[in-house]
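[1] Structural data only, the sequence is not supplied:
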């Protein structure tokens, strides 16, 4: 029983908290980094749980040890240096990995194929394609849906009309805040065609959970066709 | 010279060195932060942290002989225990009156001047009573401990 | 304190007291009262989330519930609980008769209690209490978006509790610095005192930031200022900087003291000194200073901060935290371990807090946080640290020191039931939330669509929260039953190390009739050895 509990913890850590497979190029990098973190996390957890369980099982008081005082060890410089240095090396490695992925998520291509301006409001979204003169706006369920081409960098510029919101698509493993008075720009490259549900992730009042949106990723041709139809509707 | 050494932490007691070490680490953080971000709010906050902890560290290191003497005496395990029974304050309603009075008064920021009038009374009474008692105790202490 | 009849006399004793032990008890009882309220709010939220749709409360009530739950647990329960332990045990552990400023100490408590009640008084005004989240992000907390007077009361009340915390911190530093017993040098201080010293440092330098933020917000809301209004030249990001410059150290204000309690409990029940005392002191200071430089890891998704700086500084804090965990394990290894309830909670802390620490490293990585920020992963992580960490530490401390405070030991059977309910309840409640967050369920949602597949895990989590509630119930019954018995505990029921175990249980008003010579950081252990002629330590362990 006592050993079962820590074992369960370790298993939960290794198996648990799986993200859905990423649909963007950037998201795939984040997913890979997360997997690496989970492996290291499981190893660290195994070491700590292993040592703790060893201590509990091996050094538990037994009656025949009554009256015998354990050796009064006050410390050991060597092991203390080891468990300072090894974690330092580990976080150094994790930092290097994080920097590499950041370089990708923060990268801006010279000429993005699609530019979309996003304005969040209580409680919905307005998406504009300034070059194409298309605007999609809506609130409530299912909310507005935008269409983007696959395998092309899409640049989104994000701001808010009122309070802070956050543009979050779980399948992209990515979110960014929409903050009044600021414009946040980021790029995504969807690699897998499909429709992805997005939602607000920054608490913005009573409609916070009721402002989803959709991102439909399609082939270049379908995207062109959609643009034509949409601009025709609005023209 | 000794004073200078104390100020830079070489000979200052652990109590002062604690704040000095914190200030040095905070200063390092503030400088690095400024040069990686050029962000003013965070740099100002870290700078404030550095200045405040550094100031406390310097004041403690420079507090003079009183501090040193008391620091030395805590190192002597055979010094008799100071009996502080007579020095403990007697029960008093003053902190309660000040705390509750000030809190009621503070709600004036929300409800307009009425709570200020309600809170001012216990606040004033508590503050005066507090001052009065501490003065009396200080006087008694001066009389009683001339020799020390 | 005469045994006069009537209700007025005992009430007056508590209202007029300046005794650090009584003030500590006042803090503890008041904080625990707030805890029960915050816990009830949590249960209401868990019930609401157990299935899609709105069944229990409406959205506005839900929003107010998580606002008040967070505010209460962080600032009206956690922080004052630290003050409760520190008030009672810092003077005892340094061998002093009281704090340096006993009346200021009483003032701190009354300011905290009145401030807390002002925050709660939002329930009495039209519009109800604050509905802006405990983080109060501007501009959502500005008047056009949060119209209830409850939000103004929240601001005023929190500012008052902040002042109370700052006054308390000054008092703790001054007491540790100037009231130590003969022979008690800084490097012989019990680890609990060191953690309180560093915690006080954090309070001194972090609370002014949030007090400033609250003052600016009140100016915006009531007096037409525009500090956080972007359209008028204000900056919403400034609120986040000021809030988190306080908010992250606050997390360590709620962690370090309980690290300190673990460093007291584990050596006693391992019959060994704390492993690597000086490194532990250094790790405490490093955690404290680093915690002042990680605040914007809460702002990774704002696009307004240096991502590498805050990723690295947040990673680095894992190193001194790891040192602490390994030093506790090294204290246990080679010891003679017994597991009465305080040690059970301490051991449970090591397991559960480790998970929280590891997931903390995950969300500290900016690119990973792009996914996990504001999802249930973060909710699970922070409750992992606070429930699996701080609260386990609080209960370890309560079971450990209850005999000292009341002269009565809490029952072991109910204590063990409490521990297992709490541990299993924690796992069932919060581990599913990691998965929900990984699947993208955002926090602060009163409702979620059925088709996203979040229903089962939410149901499991709600069941777990019921177990946590039962655990607290077991604790309350235990306290009630124990307090009915006459006091019977000796000065040192566990075979303790620090000075609080030298004086009677409970201690007299002036704390000490005498003190043992202090030549190490375990004076009571030394005295026990000397009394036994330096031979085998025969101190009876707990049954």
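    Structure received. Source: prediction; values computed, not measured.

[2] Tell me who's in contact with residue C:465.
    Neighbouring residues of residue C:465 by CB atoms under 8 Å, 6 or more residues apart in numbering or on different chains: C:42-43, C:46, C:425, C:429. The way it works is simple: take the backbone N, C-alpha and C, and place the C-beta from them, glycine included.

[3] can you do 7 Å?
    Applying CB atoms under 7 Å, 6 or more residues apart in numbering or on different chains to residue C:465 gives the contacts C:42-43, C:46, C:429.

[4] so for stretch A:94-109, what's the average pLDDT?
    The pLDDT scores in stretch A:94-109 average 93.

[5] so does that stretch get close to chain C?
    Yes. Stretch A:94-109 is in contact with chain C by CB under 7 Å from any CB of the partner chain, via A:94-95, A:98-99, A:101-102, A:105.

[6] Next step: those restricted to helices.
    Within the residues of stretch A:94-109 next to chain C, residues falling in helices by DSSP state H are A:94-95, A:98-99, A:101-102, A:105.

[7] hang on, the earlier thing: quick check, nearest of the residues of stretch A:94-109 next to chain C to residue C:342?
    Of all these, residue C:342 sits closest to residue A:94, with 34.5 Å by CB to CB.

[8] any idea which helix or strand carries the nearest residue to the closest one once chain neighbours are set aside?
    Distance criterion CB to CB, 6 or more residues apart in numbering or on different chains; nearest residue to residue A:94, sequence neighbours excluded, is residue C:315 at 6.1 Å. Per DSSP states H and E: residue C:315 is located in helix C:307-316.

[9] and that helix, what does it pack onto?
    Where contact means 3 or more CB pairs under 7 Å, 6 or more residues apart in numbering or on different chains; DSSP states H and E, helix C:307-316 is packed against helix A:77-105, helix B:14-37, helix C:341-364.

[10] Can you give me the buried ones in that helix?
    By 16 or more other CB atoms under 10 Å in any protein chain shown, the buried positions in helix C:307-316 come out as C:307, C:309-316.

[11] next one: stretch A:35-42
    A:37-38, A:40-42.

[12] Quick one: mean pLDDT for it?
    Here the average pLDDT along stretch A:35-42 is 92.

[13] right, is that stretch up against chain C?
    Yes. Part of stretch A:35-42 sits near chain C under the criterion CB under 7 Å from any CB, namely A:37, A:41.

[14] next one: stretch B:103-122
    Yes. With CB under 7 Å from any CB as the criterion, chain C is reached by stretch B:103-122 at B:103, B:106-107, B:109-110.

[15] Among these, the buried ones, what's the ChimeraX command?
    Buried residues among those (16+ other CB under 10 Å), as a ChimeraX selection:
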select /B:103,106,107,109,110
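
[16] List just the nearest of the residues of stretch B:103-122 next to chain C to residue C:344.
    Nearest to residue C:344 out of these is residue B:103 (CB to CB; 39.6 Å).

[17] what subset of the residues of stretch B:103-122 next to chain C is also close to chain A?
    Filtering these for proximity to chain A by CB under 7 Å from any CB leaves nothing.

[18] could you give the angle of the next helix or strand after the helix holding residue C:315 to helix A:77-105?
    Where DSSP H and E defines the elements, the next helix or strand beyond helix C:307-316 is helix C:318-332. Angle, helix C:318-332 to helix A:77-105, by axes from the mean of the first three to the mean of the last three CA atoms, to 10 degrees: 150 degrees.

[19] burial measure for residue 23, as a count.
    Unless you meant another one, I'm taking chain A. By the criterion of other CB atoms under 10 Å in any protein chain shown, residue A:23 has 23 neighbours.

[20] Chain B, not that one
    So residue B:23, with other CB under 10 Å, has 22 neighbours.

[21] tell me the pLDDT at the nearest residue to it once chain neighbours are set aside?
    Using CB to CB, 6+ apart and skipping the chain neighbours, the partner closest in space to residue B:23 is residue B:54 (3.5 Å). The model reports residue B:54 with a pLDDT of 94.

[22] just the one 4 residues further on next, same as before
    You'll see residue B:58 listed with a pLDDT of 89.

[23] helix or strand for it, which one?
    Going by DSSP H and E, residue B:58 is in helix B:40-61.

[24] show me what contacts the residue most central in space within chain B?
    Geometric centre of chain B, nearest residue: residue B:56, 9.4 Å, by CA atoms, centre = their mean. For residue B:56, the contacting residues are residue B:19, by CB under 7 Å, 6+ apart.

[25] State the distance from the residue nearest to residue B:23 to residue B:48.
    Residue B:54 sits 11 Å away from residue B:48, going by CB to CB, to the nearest Å.

[26] same question, residue C:422
    On the measure of CB to CB, residue C:422 and residue B:48 end up 40 Å apart.

[27] These two: which is more packed in?
    The neighbour comparison of residue C:422 against residue B:48 (other CB under 10 Å) goes to residue C:422, with 26 against 16.

[28] Quick check on the more buried one: phi, psi?
    phi -70, psi -40 (degrees, to the nearest 10).

[29] Next secondary structure element downstream of the helix-or-strand element of chain B with minimal mean pLDDT?
    The helix or strand of chain B with the lowest confidence, counting by mean pLDDT, DSSP states H and E, is helix B:65-74 at a mean of 52. Remark: after helix B:65-74, the chain's next helix or strand is helix B:94-106, criterion DSSP H and E.

[30] Stretch C:216-233 and chain A in contact?
    Yes. Applying CB under 7 Å from any CB, one finds stretch C:216-233 touching chain A at residue C:230.

[31] so how far is that stretch off the chain centroid?
    32 Å (CA atoms, centre = their mean, to the nearest Å).

[32] likewise stretch C:515-523?
    With CA atoms, centre = their mean, you get 29 Å for stretch C:515-523.
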